[in-house]
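> take a look and give me a structure for this.
(one chain, ligands or ions: 1)
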Amino acid sequence: MEQKGHIKKYKIGVVGAGHVGLVAAACFAELGHRVICVDNDAGKINSLKKLIMPFYEPELEPLVRKNIKKGILTFSSSLDETIKAAQVIFIAVGTPPQPDGSADLTAIENVAQAVARNLDSYKIVIEKSTVPVQTGQKVKETIYRYRKSNVDFDVASNPEFLREGKAVYDFFYPDRIVLGVESPRAEKILKEIYSSLKAPMVITDINTAELIKHASNSFLAAKISFINAVSRICDLAGADVEKVSLAMGLDKRIGAQFLNAGVGYGGFCFPKDVEAFIYISKKLGYEFGFLKEVKRINDEQRRYFVEKIKEHLWIIKGKKIAVLGLSFKPDTDDMRFAPSVDIVEAFLKEGAYVRVYDPKAKKEAGELFRGKRVEFAGNPYRAVKGCDCVCFLTEWEEFKKLDFKKIKVLTRYHLIADGRNMLDAQKLTKMGFEYIGMGR
Ligand code: UGA
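Residues are numbered from 1 along each chain as shown. Purely as a prediction, here's the structure:
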């Protein structure tokens with residue numbers, strides 16, 4: 001640990017070079033701390049050393065490049081060496097969902113074991129990955145159980161709230177920093193690490209910090225499912241969900257964000273965190289029926305979207321369908337739990353020819369749809385050529401600027417299914433398109 005100006009600099013080990021870990025590692029380095037980012041995927045580490053990013057995230061590459069060059073950010077594939085070298089260890093490994101909905105915490109235990117093995121001086125181990133409440137207690141128990149000598153350590157929870165596609169911005173300008181700590185020493189270290197960021201800090205115990213993360217993600221997912229349920233009523237009653245959410249959002253108590261109706265939420269966070277929160281609540285003795293409904297509504301939106309198209313096209317078999325936008329949201333190439341996956345599968349099951357285009361997720365989608373009757377197009381116009389329906393499933397900016405006159409000429413039947421309510425319905429209808437929105 002060195003001292004520079006008023007801000008204490010720490011030697012930080014970040015375990016996991018995924019979305020949370022790599023962004024945190026680059027940003028901690030940018031704050032002036034010395035950072036080693038470790039991952040057990042040696043290929044990924046070697047690529048990172050050559051400045052090849054494992055995923056697309058705006059602003060990340062220049063930050064990694066700059067801090068590698070400064071010698072302040074390094075990459076390693078040795079967990080033991082990283083833990084030995086660092087005083088502060090952030091755990092940012094994956095906590096993927098298991099078939100029963102619970103989070104798989106094997107990778108977290110593995111890090112706890114490694115900390116115990118290498119505990120030769122005081123260290124603080126901080127959970128950054130999203131984990132169910134009481135995981136910190138298990139991490140602590142594991143280190144106690146397996147450490148070789150009575151060297152002091154702390155466990156803390158510092159959940160990450162960054163969004164994919166805006167991750168670097170979110171790191172430097174967070175709405176809040178949550179610190180779940182059990183000792184004044186842990187609190188002091190974490191406060192110092194973040195001292196140059198201007199954000200309210202919520203200091204609490206570890207269980208509460210862990211719960212804040214699940215509660216926050218589940219609440220946002222609930223907001224989306226709520227407006228999606230309202231969008232269904234709008235469809236039935238002939239009302240416009242866009243205006244409903246605009247007016248609702250103007251009420252400061254409700255807030256405008258996360259009120260966009262559409263094919264629902266995807267990604268590696270909301271679906272898995274809602275499930276994991278349902279699971280841990282039940283385990284603790286509370287049946288979180290409300291969240292089960294949030295999930296059900298979300299799953300149903302994808303099927304509902306396909307049903308709407310079926311109503312227009314009648315028989316899907318043999319029809320040509322273009323899908324524009326595959327990633328679970330714009331500005332990312334992440335396809336995990338993306339609505340597009342289920343929707344494309346549903347079209348294929350019905351016997352449609354599917355042609356897809358996404359500005360960033362071609363590689364990821366290619367792996368997912370390998371061996372399936374899915375054709376990849378190099379641009380949106382190639383994708384729509386000869387199609388009976390054009391679906392929009394991700395609200396990429398470039399789609400809003402498309403030449404719809406050209407699309408009209410290129411398509412066989414002029415049906416637009418807007419799964420994100422991102423297009424000007426009136427304009428398209430005037431141009432002679434059939435327009436399907438979600439609740440409008
Ligand atoms: C989410 C949270 O927003 C972050 O705060 C959190 O740190 C992160 O999960 C995590 O736990 O790691 P992220 O999954 O990157 O971030 O994506 P969001 O921007 O939250 O969007 C999630 C999904 O909801 C997307 O599929 C998006 O299309 C959908 N969505 C969002 C809607 O359908 N409607 C909306 O109004 C907003």
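> who in the stretch 101-250 of the chain is up against the ligand?
Residues of the stretch 101-250 of the chain found near the ligand (Cβ under 6 Å from any ligand atom) are Thr130, Glu160, Phe161, Leu162, Arg163, Glu164, Asn217, Leu220, Ile224. Just so you know, the C-beta spots here come from the backbone N, C-alpha and C atoms, and that holds for glycine as well.
> for the stretch 1-150 of the chain, what spans make up the strands?
Along the stretch 1-150 of the chain, counting by DSSP state E, counting those that start in this stretch, strands occupy 2-4, 7-9, 11-15, 34-38, 73-76, 88-91, 123-127.
> any regions of the protein where pLDDT drops low?
The chain contains residues with pLDDT under 70 at 1-6.
> could you list the domains of it?
According to automatic domain parsing, the chain comprises the domains 11-204, 218-436.
> kindly reformat those as TSV containing mean neighbour count.
Listed next are these as TSV, based on neighbours: other Cβ atoms under 10 Å:
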stretch	mean neighbour count
domain 11-204	19
domain 218-436	18
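> in CSV: those domains, plus distance to Glu210.
As requested, these are exported to CSV (distance: least, Cβ to Cβ, whole Å):
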stretch, distance to Glu210
domain 11-204, 5
domain 218-436, 9
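> quick one: closest of those to Ile212.
Ile212 lies closest to domain 11-204 among the domains of the chain, at 5.3 Å (Cβ to Cβ).
> helices or strands next to the longest helix anywhere in the chain in the packing?
Longest helix of the chain, by residue count under DSSP state H: helix 206-237. Packing contacts for helix 206-237, counted by 3 or more Cβ pairs under 8 Å, 6 or more residues apart in numbering; DSSP states H and E, involve helix 135-146, strand 153-157, strand 177-180, strand 201-204, helix 241-249, helix 270-284, helix 289-313.
> tilt between that helix and strand 153-157?
For helix 206-237 against strand 153-157, the angle by axes from the mean of the first three to the mean of the last three Cα atoms, to 10 degrees is 10 degrees.
> report the inter-axis angle for helix 206-237 versus helix 270-284.
Using the same axes, to 10 degrees, helix 206-237 lies at 120 degrees relative to helix 270-284.
> and helix 206-237, how far out from the chain middle?
On the basis of Cα atoms, centre = their mean, to the nearest Å, helix 206-237 sits 15 Å off its chain's mean C-alpha point.
> repeat that for stretch 369-387.
On Cα atoms, centre = their mean, the centre of stretch 369-387 falls 26 Å from the chain's centre.
> from Ile45, how far off is Phe90?
From Phe90 across to Ile45, the span is 17 Å (Cβ to Cβ, to the nearest Å).
> quick revisit: so which of the strands of the stretch 1-150 of the chain gets nearest Lys283?
Between Lys283 and the strands of the stretch 1-150 of the chain, the shortest separation by Cβ to Cβ is 18.3 Å, and it involves strand 123-127.
> just checking, what packs against the closest one?
With contacts defined as 3+ Cβ pairs under 8 Å, 6+ apart, strand 123-127 has these neighbours: strand 88-91, helix 106-117, helix 135-146, strand 153-157, helix 184-193.
> what's in contact with the third one?
In this case it means helix 135-146. 91, 105, 108-109, 112-113, 115-117, 119, 125, 127, 153, 155-157, 180, 206-207, 209-210 (Cβ atoms under 8 Å, 6 or more residues apart in numbering).
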